[in-house]
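A.B. asks: model the structure of this input:
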Amino acid sequence: MAAESTQSGGDDQDAAGADRSKRRRLLVGGLALALLLGVVAAVIVSLGGDERPTITEGEGGLFEEGRQVRGGSFQPLRGAPAAYQDLTGAARLITTPEGAMASLELVGLEPGTAYEAHVHAESCDRNKGGPHFKFDPDGSDLPPNEIHFDFRAESDGSGRQVARTRMTDTAGARSIVVHLGRTRIACADLS
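C.D. replies: Residues are numbered from 1 along each chain as shown. Got it, this is the predicted structure:
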């Protein structure tokens, strides 16, 4: 019996020592992480990273340090199939001196279905977005002269896509229109 009790006491001491060692490693690791984060924060501040970007509202959207940001919410277009009457989402067009990035996020699509979207030259209430926006009005109907999206809806009916171009003159871009084949189903004005 005495041998068992001595053995058990030794196991308890080993477990307590292991717990202390584990706590010590966690404490040292936490302190090292805190120190690293402090150094990173100090570097960011020294580089001016603590300054907030200047955002001003101007004609055609918001401007953030040379970036024009325009966007809007998707709405089903008049005459869209009944399956798309609850479709919602957001569109965004960001233009910088280096190029433009357009993005879309949608909910209410048919799962697994392929869609196209394009930046258009008119607002949603004018001819369902009108013709495709072209950087060069006499140029090609394809990228890089137009901004196109091709995507497939996820199993939950959502869809996301980003398109980038080095072209920068997006002043004539007014909307993003989602197509199912040749049918325009949804539109978001870029304001």
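A.B. asks: just for the chain, where's the confidence low?
C.D. replies: For the chain, the stretches with pLDDT under 70 are 1-65.
A.B. asks: show me where it has helices.
C.D. replies: Per DSSP state H, the chain carries helices over the ranges 2-46.
A.B. asks: can you pull out the strands in it?
C.D. replies: 55-58, 61-64, 67-76, 88-96, 99-107, 114-120, 148-152, 158-165, 175-180, 183-189 (DSSP state E).
A.B. asks: including mean neighbour count and distance to Pro137, could these go into CSV?
C.D. replies: Where you see a C-beta, it was placed from the backbone N, CA and C, and this is true even at glycine. CSV is the format used below for the strands of the chain (neighbours: other C-beta atoms under 10 Å; distance: least, C-beta to C-beta, whole Å):
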stretch, mean neighbour count, distance to Pro137
strand 55-58, 9, 24
strand 61-64, 16, 22
strand 67-76, 18, 20
strand 88-96, 20, 18
strand 99-107, 20, 17
strand 114-120, 22, 13
strand 148-152, 16, 17
strand 158-165, 17, 16
strand 175-180, 24, 17
strand 183-189, 23, 21
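A.B. asks: so which of those strands comes closest to Lys128?
C.D. replies: In terms of C-beta to C-beta, the element of the strands of the chain nearest to Lys128 is strand 183-189, at 4.8 Å.
A.B. asks: other residues contacting the closest one?
C.D. replies: 71-77, 80-81, 84, 87, 89-91, 104, 106, 120, 123-124, 128-129, 174-179 (C-beta atoms under 8 Å, 6 or more residues apart in numbering).
A.B. asks: one more time with 7 Å
C.D. replies: By C-beta atoms under 7 Å, 6 or more residues apart in numbering, the list of residues contacting strand 183-189 from outside reads 72-77, 80-81, 84, 87, 91, 123-124, 128-129, 174-179.
A.B. asks: can you put the strands of the chain in CSV and add distance to Asp141?
C.D. replies: What follows is those, written out as CSV (distance: least, C-beta to C-beta, whole Å):
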stretch, distance to Asp141
strand 55-58, 31
strand 61-64, 26
strand 67-76, 23
strand 88-96, 19
strand 99-107, 17
strand 114-120, 10
strand 148-152, 9
strand 158-165, 15
strand 175-180, 14
strand 183-189, 16
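A.B. asks: closest one to Phe135 among those?
C.D. replies: Nearest to Phe135, of all those, is strand 158-165, at 7.8 Å by C-beta to C-beta.
A.B. asks: which strands or helices does the closest one pack on?
C.D. replies: The contact analysis (3 or more C-beta pairs under 7 Å, 6 or more residues apart in numbering; DSSP states H and E) places strand 158-165 against strand 99-107, strand 148-152.
A.B. asks: give me the angle between that strand and strand 99-107.
C.D. replies: 170 degrees (axes from the mean of the first three to the mean of the last three C-alpha atoms, to 10 degrees).
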